[in-house]
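> have a look; sequence and predicted model below, questions after that.
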Amino acid sequence: MSDRHLHPTVASYAVTDGVLTVGGIPIDRLAQRVGGTPFFAYDRAKITERVGEVRRLLPEGIGLSYAIKANPMPAVVQHLRRLVDGFDVASAGELSTALDTAMPADRISFAGPGKRPAELTQAVAAGVTVEIESETEAHRLIAIAEELGIRPRVAIRVNPDFQVKGSGMRMGGGAQQFGIDSERVPALVKELAIADVDFLGFHIFAGSQNLKADILCEAQRKTVELALALAHDSPLPVRYLNLGGGFGIPYGERDEPLDLAAIGDNLAGLLDQLVRPNLPDARVNLELGRFLVGEAGVYVTRVVDRKESRGHVFLVVDGGLHHQLAASGNFGQVIRRNYPVVIGNRMGVGPGEPDSDAETTNVVGVLCTPLDLLADRVELPVAEIGDLVVVFQAGAYGLTASPTAFLSHPSPAEVLV
């Protein structure tokens with residue numbers, strides 16, 4: 001099968017006798033193994049390969065943490081435990097998943113606004129690093145630690161005074177619910193200096209899903225400069241610097257993959273010229289989620305009806321936006337774009353091949369809303385009832401980022417292969 005017209009992620013998956021394979025298993029057989037459709041399948045070899053690529057291209061001395069929010073499936077987290085240096089969690093549920101692995105507690109960080117007292121109690125008792133998001137949270141944490149008689153590990157999540165253009169979601173700069181404004185940080189550090197806490201350093205993260213290496217490099221330079229300025233004013237040594245992540249993956253046809261080598265070169269320069277001379281004791285981390293697992297996952301759903309309406313073809317599948325909200329365009333997209341999609345059991349024919357039997361079609365789900373659109377006017381091989389539609393880039397922010405209770409349809413299965 002020619003891959004001239006295929007999205008690069010689609011082309012990276014093997015095909016056997018016209019059937020897409022995930023983890024070496026043909027997708028139709030995998031559906032039988034899972035017990036039916038819809039389901040998510042994550043390829044462990046692709047996850048391992050991506051982490052290896054990151055390790056090769058980033059400089060030594062950069063720790064790699066996995067942001068569990070991207071995909072908290074326990075089997076995925078357990079697999080990544082062997083590959084990364086730490087975990088980042090954003091809830092007590094994710095904390096429990098992380099602690100169920102063999103990851104040392106001091107390599108787990110807990111970020112996110114609005115941590116409840118019970119969650120802070122769990123975090124302090126577990127010995128993980130709590131990344132403080134407000135002055136109120138800092139005071140609450142100190143009181144809880146005193147009550148427990150445990151000296152907590154703390155860092156400050158900083159809302160920087162700059163923004164990162166080109167990010168799918170802006171997480172820093174301007175007024176934010178995330179972190180503490182950089183100009184307010186020195187006063188809080190002084191408070192922490194007289195409290196009985198183990199202050200580690202700073203977490204600075206300004207935006208997610210960015211595909212522009214030059215923008216990310218500039219953001220990392222500004223992040224390091226801000227961290228050095230805050231460290232200069234700090235009465236406590238800085239032993240931890242979380243640079244965030246924001247590395248994007250290509251969803252649309254026009255998206256170009258991120259130039260990871262350029263980012264690695266930039267980070268090497270920042271480490272050698274700025275971080276190590278000024279913060280010799282700091283452990284520097286990158287925190288990646290989507291970039292590690294996003295392209296390793298697919299969402300598989302079966303055609304249950306094929307219909308025509310006033311000249312348009314609709315493939316009605318047994319899944320939909322209640323499982324894969326992001327693919328429907330309702331999770332952060334300003335302009336809706338199709339995710340890569342194929343008919344998984346008809347990979348032998350397709351657009352661009354001389355003998356292709358293709359058509360323009362729409363893939364829609366089972367929900368009673370026009371928002372339930374998984375693919376809008378895409379060219380696919382002519383599909384019939386029973387065929388398998390495969391949506392790519394489904395390894396991150398898929399099932400757990402979707403309204404699974406909407407209309408009370410069954411939840412999909414997940415499998416790591």
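Ah, there it is.
> quick one: the strands in the stretch 251-400 of the chain, in order.
283-288, 297-309, 312-317, 341-343, 358-364, 373-381, 388-391 (DSSP state E, counting those that start in this stretch).
> contacts for the next helix or strand after the last one?
Just to be clear, that refers to strand 388-391. Beyond strand 388-391 in the direction of the C-terminus, DSSP states H and E gives the next helix or strand as strand 413-416. For strand 413-416, contacts defined as C-beta atoms under 8 Å, 6 or more residues apart in numbering pick out 23, 30, 33-36, 38-42, 44, 73, 75-76, 79, 399. All C-beta spots, glycine's among them, are computed from the backbone N, C-alpha and C.
> picking that back up, out of the strands of the stretch 251-400 of the chain, nearest to Pro410?
Closest to Pro410 of the strands of the stretch 251-400 of the chain, according to C-beta to C-beta: strand 297-309, at 12.2 Å.
> show me which positions of the closest one end up buried.
For strand 297-309, burial by neighbour count (16 or more other C-beta atoms under 10 Å) applies to Gly297, Val298, Tyr299, Val300, Thr301, Arg302, Val303, Arg306.
> what of stretch 52-59?
Val54, Leu57, Leu58.
> and which of those residues is nearest to Ser65?
Nearest to Ser65 among the buried residues of stretch 52-59, counting by C-beta to C-beta, is Val54 at 11.3 Å.
> SS state for that closest one?
helix (DSSP: H, G, I helix; E, B strand; the rest coil).
> pLDDT value on it, please?
Looking at Val54, its pLDDT is 97.
> mind listing what's buried in stretch 69-84?
Residues of stretch 69-84 classed as buried: Lys69, Ala70, Asn71, Pro72, Met73, Val76, Val77, His79, Leu80, Arg81, Leu83, Val84 (neighbour count, 16+ other C-beta under 10 Å).
> need the contact list for Thr301.
Thr37, Pro38, Val317, Asp318, Gly319, Gly320, His323, Gly365, Leu374, Leu388, Val389, Val391.
> most remote residue from the chain's center?
Of all residues in the chain, Arg310 sits farthest from the chain's C-alpha centroid, using C-alpha atoms, centre = their mean; the distance is 39.3 Å.
> give me the distance between that residue and Ser134.
54 Å (C-beta to C-beta, to the nearest Å).
> what do you get for Phe205?
In this view, Phe205 and Ser134 are 16 Å apart by C-beta to C-beta.
> one more: Leu30?
From Leu30 over to Ser134 (counting by C-beta to C-beta), the distance is 45 Å.
> neighbour count for those two, which is higher?
Neighbour count, other C-beta atoms under 10 Å: between Leu30 and Ser134, Leu30 has more, with 24 against 18.
> and for the strand or helix carrying the more buried one, what's in contact with it?
Using DSSP H and E, Leu30 maps to helix 27-34. Contact with helix 27-34 is made by 19-23, 25, 37, 39, 41, 298, 300, 302, 344-345, 388, 390, 413, 415, 417, as judged by C-beta under 8 Å, 6+ apart.
> give me the number of neighbouring residues for Ala405.
9.
> that older thread, just the buried residues of stretch 52-59 now: which is nearest Glu359?
Glu359 has its nearest neighbour among the buried residues of stretch 52-59 in Val54, at 39.4 Å by C-beta to C-beta.
> against Ile132, how distant is that closest one?
Relative to Ile132, and taking C-beta to C-beta, Val54 is found at 28 Å.
> over to Val275?
From Val275 to Ile132 the distance is 22 Å (C-beta to C-beta).
> Ser234 too?
Relative to Ile132, and taking C-beta to C-beta, Ser234 is found at 14 Å.
> can you pick out the residue with more neighbours from the two?
Set Ser234 next to Ile132 and count neighbours by other C-beta under 10 Å: Ile132 wins out with 30 against 19.
> need phi/psi at Leu236.
Main-chain dihedrals, Leu236, degrees, to the nearest 10: phi -110, psi 150.
> next up, the contacts around it.
Listed by C-beta under 8 Å, 6+ apart, the contact partners of Leu236 are Val189, Leu192, Ala193, Phe199.
> can you redo these as TSV with pLDDT?
Formatted as TSV, those follow (pLDDT from 0 to 100):
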residue	pLDDT
Val189	96
Leu192	95
Ala193	94
Phe199	97
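> any weak-confidence spans in the stretch 201-350 of the chain?
207, 332-335, 349-350 (pLDDT under 70).
> how about 90 then?
Scanning the stretch 201-350 of the chain for pLDDT under 90 picks out 205-210, 246, 252-255, 329-337, 348-350.
> and the residue nearest to Ala327 when sequence neighbours are not counted, how far from Ala90?
Nearest residue to Ala327 in three dimensions, chain neighbours excluded: Tyr339, at 4.5 Å (C-beta to C-beta, 6 or more residues apart in numbering). Going from Tyr339 to Ala90 by C-beta to C-beta gives 24 Å.
> could you say which helix or strand contains the spatially closest residue to Val89 that is not a sequence neighbour?
Excluding its sequence neighbours, the residue lying closest to Val89 (C-beta to C-beta, 6+ apart) is Leu95, at 4.7 Å. Secondary structure assigned from DSSP H and E places Leu95 in helix 92-99.
> can you name every helix or strand that that helix contacts?
helix 74-81, strand 86-89, strand 108-110, helix 117-126 (3 or more C-beta pairs under 8 Å, 6 or more residues apart in numbering; DSSP states H and E).
> mind listing what's buried in that helix?
For helix 92-99, burial by neighbour count (16+ other C-beta under 10 Å) applies to Ala92, Glu94, Leu95, Thr97, Ala98, Leu99.
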